[in-house]
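K.L.:
With the input below, show me the fold.
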Amino acid sequence: MRRFLVVTMIALSAVLLTADAMGARVRVVERGGRARTRVVVHAAFPIHRSARMVVLHRRPVVVAEPLVYARPILWAPVVVALPPRDRLVWEDSETLVKSDGWTETTLEVNDRGDRLYLELTGRTQLDWAEVVFANGQAEAVDFRSGTYHPGIYSLLDFRDGRMVRYVRLVARARSLESRVILRLQK
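P.N.:
Numbers count the residues shown, from 1 in each chain. Next up, the predicted model:
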């Protein structure tokens with residue numbers, strides 16, 4: 001009985017120490033009334049640069065299954081016209097404020113389509129986007145921290161009509177306020 005208690009205490013101590021060590025990886029800093037935290041990415045995330053301190057506008061989606069990433073896509077901004085309204089199956093947006101600095105937002109899509117559009121309403125600096133599909137595949141789009149003008153851009157084409165779970169984006173407003181609008185075409 002005594003041996004069982006000793007083994008249980010050692011195991012419990014190891015679990016608590018591991019939990020403390022893992023909890024230390026995400027540090028939240030209060031600056032100017034907004035909580036800031038370091039961007040956390042999947043171990044297989046293909047864009048490698050130092051993680052930014054960001055303001056979280058929406059809670060990140062927790063994915064249980066492992067993600068499989070294709071090679072990162074180096075984004076080439078192409079201004080496009082939106083298709084007819086009846087071809088758009090999903091739309092969501094996030095307002096970025098210049099005083100927040102870098103912002104991470106996760107827009108839950110949970111719909112099937114074949115093309116994503118990105119609309120910017122103000123000058124916006126974009127770092128990267130992560131598009132996660134229902135089958136566990138993911139695409140990372142590298143904007144190379146470029147600053148882009150207002151307009152409607154093609155973000156990603158996937159002609160096989162995939163089920164998109166969510167789009168995660170790291171960006172910041174370069175004008176006083178900028179709106180990022182994502183749309184999915186069927």
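
K.L.:
count of residues packed around Trp75?
P.N.:
20 (other CB atoms under 10 Å). All C-beta atoms are positioned from the backbone trio N, CA, C, and that covers glycine.

K.L.:
Phi first, then psi, for it.
P.N.:
The phi/psi pair for Trp75 (degrees, to the nearest 10) reads phi -70, psi 130.

K.L.:
what sits against it?
P.N.:
Going by CB atoms under 8 Å, 6 or more residues apart in numbering, Trp75 touches Leu126, Val141, Asp142, Phe143, Arg144, Gly146, Leu155.

K.L.:
Now which of the residues you listed would you call buried?
P.N.:
Leu126, Val141, Asp142, Phe143, Leu155 (16 or more other CB atoms under 10 Å).

K.L.:
what kind of secondary structure is the fourth one in?
P.N.:
If I follow you right, that is Phe143. Following DSSP: H, G, I helix; E, B strand; the rest coil, the label given to Phe143 is strand.

K.L.:
which residues touch the residue lying closest to it once chain neighbours are set aside?
P.N.:
With sequence-adjacent residues excluded and distances taken as CB to CB, 6 or more residues apart in numbering, Phe143 is closest to Leu126, at 3.6 Å. Leu126 makes contacts with Trp75, Phe143, Ser145, Gly146, Thr147, Tyr148, Leu169, Val170, Ala171, as judged by CB under 8 Å, 6+ apart.
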